[in-house]
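> Here is my input; please provide its structure:
(4 chains)
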Number of protein chains: 2
Amino acid sequence: MPVTIHDVARRAQVSPSTVSRALSASHLVRGTTRERVLAAAKELGYQPNPAARSLITGRTGNIGIVVPDLNNPFYTGVLRGVQARARQSGYAVFFADGEEDPVAEEALVRAMARQVDGVVMCAPFASDAQLRALAGITSLALLNRRLRDVPAALMDSASGMRQVVDHLVALGHRRVAYLNGPNIAWSNRERRRGLRAAAARARMTVVEFGPFEPKFEGGVQAADLALAGGVTAIMTYNDLMALGVLSRLADRGVAVPQEMSVVGFDNLLYAAVCAPPLTTVAMPMEAGGRAAVDLLLAGIDGSDDGGAGTFRELTTNLIVRATTAAASTTSPDSPDSPPPAA
Amino acid sequence: MPVTIHDVARRAQVSPSTVSRALSASHLVRGTTRERVLAAAKELGYQPNPAARSLITGRTGNIGIVVPDLNNPFYTGVLRGVQARARQSGYAVFFADGEEDPVAEEALVRAMARQVDGVVMCAPFASDAQLRALAGITSLALLNRRLRDVPAALMDSASGMRQVVDHLVALGHRRVAYLNGPNIAWSNRERRRGLRAAAARARMTVVEFGPFEPKFEGGVQAADLALAGGVTAIMTYNDLMALGVLSRLADRGVAVPQEMSVVGFDNLLYAAVCAPPLTTVAMPMEAGGRAAVDLLLAGIDGSDDGGAGTFRELTTNLIVRATTAAASTTSPDSPDSPPPAA
DNA sequence: GACTCGTGCACAAACGTTTGCAGCCAGATC
DNA sequence: GATCTGGCTGCAAACGTTTGTGCACGAGTC
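Model prediction:
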């Protein structure tokens, strides 16, 4: 039923191979012949069969993307970037949600491996060994994860943390809490590293809590601990946790930012629209997705080792909104703090 | 480099066809032979080449999903459902973001058509003619859109609206605003239809505004209009708009729910965690995605017309949270309303 | 005018799998 | 013991495309 290259060939009075060459932007056919072929293809609405093509070329024209949790808007941002850039280059994208399970993630990649030319992985939880094994099966490009000889797009969390610290110090905060995300997560380690370095330089004390689930609920849980820590500001691993913190602080009658400053990380849509709008670090999600695809495709079409093992670093920026202010003089956990105003 | 069926055949001392049959869960091979083949396949780590397979079978084992806007968490929910269900049935998922452009959507489907067995479409904006044309190219399953002879999973928005109306009437609201989403959107028409019917039955007056963009900004824009409409409650096309309304009302010093009730639609994660938590109608997003895949696959493997043209209706439920309360006696737009308490 | 050269095209093989058909062998039937 | 039957298996074709090889033909050179 579907029209094949033979149909086009018959109509254009040439052989199938000539049709193929005419369509592959080849200069190997005469101008007049090419036009005839193109016309025939258009009239018949010819669309090449990707299976047949990839069978012979060994390339699929597809890439895969694996994310740990689609409910986190951070990854949907990445997904948008990936898809847009892939489409630009004529690639289609396979998508899979690992549901935060490294085992499932690996299985998904193995399942995809045969029908993609490479996969972009957002895999904060997978082990290095796992990733390396997968890199042996198919081309890989990582996002926010560093692994020798595997290309990766990295968002400069450390710089973001430095900006946050400078901001808080300028506001007079001397003792702040950091609510850790999952310990295994590369980004959490990276953020913590940046935070510690910046805090040390600025002589700011950081009290760490966690790890917590990097979700709203995790933030709710963490808020009470942080409140008891005698701090004037709370920094969280990501925005979802920060939203949880805000919610819990509101419940407990702690005024933000008057009594407590809160800083998130990611700059999700909701950080801008919640009340009060959240001060946070903007992560270039779509740009990260695009960069990862660029690296992946460079490793695929281009020189093999030209693209492999290279890293692309993307800048992050502090977005100051309404949850940070000058440090309160009275710590909110002190017994003389006013009772919650219902 | 990759291991083929011939490698397995050689190792198991049989012909490739026997290997194929042994793996296709066929009863056509002797038990002992099958075991030998399976063992060989396992040792070699054989993974069949999907391109070769689909070339001969005409089936790809893939489905596609097209959504209008990935930034809307509603669609990521659907995406999760689709992917989970597809994986369960051994299908991989191609993903594409139409970016709210019907033309792009159609192009995406056409591009996918050759490498999928069917596609799930969330296409509120595409025209009937467009969808019908696409249905001629590949199998289709729609979500929240009714089209003759095309299977679809439908969420019963009308029932949701009825529940909202009953709830508001019980709270004493007699005059409420409805902020329309895009007029072309099937779901908006559906919701409005349900709303009008229920309101008529309950003798409640509905003042309509819009259409607006179904996003936060649209809600912000719409809020002022609704405030001037002399209503005691605002119903919105979706949660994103409701969040925009809440934000704008807070800015203008209108207390929710004391002076104004607000109801959303969708039950996004953020509806539960914003302040105050949003009363809204829960849409079964993941279930909808799963149902759409079920219908699609039924149309593909099963009897051709057994699945086509069937609809699956999913129930919706009102979730009462903190943005609805008894109707205020003084309309917030009346001149004697107290000035915003900064 | 014979040779070379290059352009433009067709032929055919190959990619890895599935599947219809035919063959083989063992057991059963007469 | 010959024929039949039916369960297993191998052979080969086919799916639609790309691509290496070779042929034909015309133009150029001596």
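> contacts and neighbour counts: CA atoms only from here.
OK.
> What strand or helix carries the closest residue to residue A:328 other than its chain neighbours?
Nearest non-adjacent residue to residue A:328, counting by Cα to Cα, 6 or more residues apart in numbering or on different chains: residue A:259, 5.4 Å away. Using DSSP states H and E, residue A:259 sits within no helix or strand.
> Distance check, residue A:259 against residue A:233.
Per Cα to Cα, to the nearest Å, residue A:259 is found 9 Å from residue A:233.
> Please say which of the two ends up with more neighbours.
The neighbour count for residue A:259 versus residue A:233, taken as other Cα atoms under 10 Å in any protein chain shown, is higher for residue A:233 (30 against 23).
> Can you verify my assumption that that one contacts residue A:179?
No. Look at residue A:233 against residue A:179 with Cα atoms under 8 Å: they stay out of range, at 11.0 Å.
> re the thing from before, identify the contacts common to residue A:259 and residue A:233.
Here residue A:259 and residue A:233 have residue A:327 as joint contacts, going by Cα atoms under 8 Å, 6 or more residues apart in numbering or on different chains.
> Contacts only, for the most centrally placed residue in chain A.
The centre of chain A sits closest to residue A:78, judged by Cα atoms, centre = their mean, with a distance of 4.5 Å. By Cα under 8 Å, 6+ apart, residue A:78 lies in contact with A:285-290.
> what helix or strand does it sit in?
Counting by DSSP H and E, residue A:78 is part of helix A:73-88.
> Can I get that helix in CSV, CA atoms only?
Only the C-alpha atoms of helix A:73-88 are listed here, as CSV (Å, rounded to 0.1, in the frame of the first residue of the first chain):
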residue,chain,number,x,y,z
PRO,A,73,9.3,20.4,35.7
PHE,A,74,13.0,20.7,35.5
TYR,A,75,13.1,17.6,33.3
THR,A,76,10.2,18.7,31.2
GLY,A,77,12.3,21.8,30.4
VAL,A,78,15.2,19.6,29.4
LEU,A,79,12.8,17.5,27.3
ARG,A,80,11.7,20.5,25.4
GLY,A,81,15.2,21.5,24.7
VAL,A,82,16.1,18.1,23.6
GLN,A,83,13.2,17.6,21.3
ALA,A,84,13.5,21.0,19.7
ARG,A,85,17.2,20.6,18.9
ALA,A,86,16.7,17.0,17.7
ARG,A,87,14.0,18.0,15.4
GLN,A,88,16.1,20.8,14.0
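> Using neighbour counts, pick out the buried residues of it.
Under the neighbour-count criterion of 16 or more other Cα atoms under 10 Å in any protein chain shown, helix A:73-88 has A:73-86 buried.
> now do stretch A:251-266
Buried residues in stretch A:251-266, counted by 16+ other Cα under 10 Å: A:252-257, A:259-266.
> Likewise for stretch A:162-178?
Residues of stretch A:162-178 classed as buried by neighbour count (16+ other Cα under 10 Å): A:162-169, A:172-178.
> Next step: the residues you listed restricted to strands.
Assigned to strands by DSSP state E, the following of those qualify: A:175-178.
> What residues does residue A:31 make contact with?
By Cα under 8 Å, 6+ apart, the contact list for residue A:31 is empty.
> Equivalent analysis for the one 3 residues further on, please.
With contacts defined as Cα under 8 Å, 6+ apart, the neighbours of residue A:34 are A:19, A:22-23.
> go again using 10 Å as the cut-off
In this structure, residue A:34 makes contact with A:12, A:18-19, A:21-23, A:25-28, A:40, judged by Cα atoms under 10 Å, 6 or more residues apart in numbering or on different chains.
> Could you find the closest non-adjacent residue to residue A:172?
Nearest to residue A:172 is residue A:327, by Cα to Cα, 6+ apart, at 5.4 Å.
> That neighbour: which element?
Residue A:327 belongs to no helix or strand when assigned by DSSP H and E.
> hang on, it packs against residue A:230?
No. The pair residue A:327 and residue A:230 does not pass the contact test of Cα atoms under 10 Å, sitting 12.0 Å apart.
> returning to what we had before: most neighbours among the contacts of residue A:78, which one?
Most neighbours among the contacts of residue A:78, by other Cα under 10 Å: residue A:289, with 29 neighbours.
> Residue A:200: neighbour count?
12.
> Over to residue A:189?
So residue A:189, with other Cα under 10 Å, has 18 neighbours.
> List every C-alpha atom in the host helix or strand of it, with coordinates, as PDB.
Using DSSP H and E, residue A:189 sits within helix A:186-202. Output of helix A:186-202 as PDB, limited to C-alpha atoms (Å, rounded to 0.1, in the frame of the first residue of the first chain):
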ATOM      1  CA  TRP A 186      25.600  14.300  41.400                       C
ATOM      2  CA  SER A 187      24.000  17.800  41.300                       C
ATOM      3  CA  ASN A 188      23.500  17.800  45.100                       C
ATOM      4  CA  ARG A 189      27.100  17.000  45.700                       C
ATOM      5  CA  GLU A 190      28.100  19.600  43.200                       C
ATOM      6  CA  ARG A 191      25.900  22.200  44.800                       C
ATOM      7  CA  ARG A 192      27.000  21.400  48.300                       C
ATOM      8  CA  ARG A 193      30.600  21.600  47.100                       C
ATOM      9  CA  GLY A 194      30.000  25.000  45.600                       C
ATOM     10  CA  LEU A 195      28.200  26.100  48.700                       C
ATOM     11  CA  ARG A 196      30.900  25.000  51.100                       C
ATOM     12  CA  ALA A 197      33.600  26.700  49.200                       C
ATOM     13  CA  ALA A 198      31.700  29.900  48.800                       C
ATOM     14  CA  ALA A 199      30.600  29.900  52.500                       C
ATOM     15  CA  ALA A 200      34.100  29.300  53.700                       C
ATOM     16  CA  ARG A 201      35.400  32.200  51.600                       C
ATOM     17  CA  ALA A 202      32.700  34.500  53.000                       C
END
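> All good on my end, thank you.
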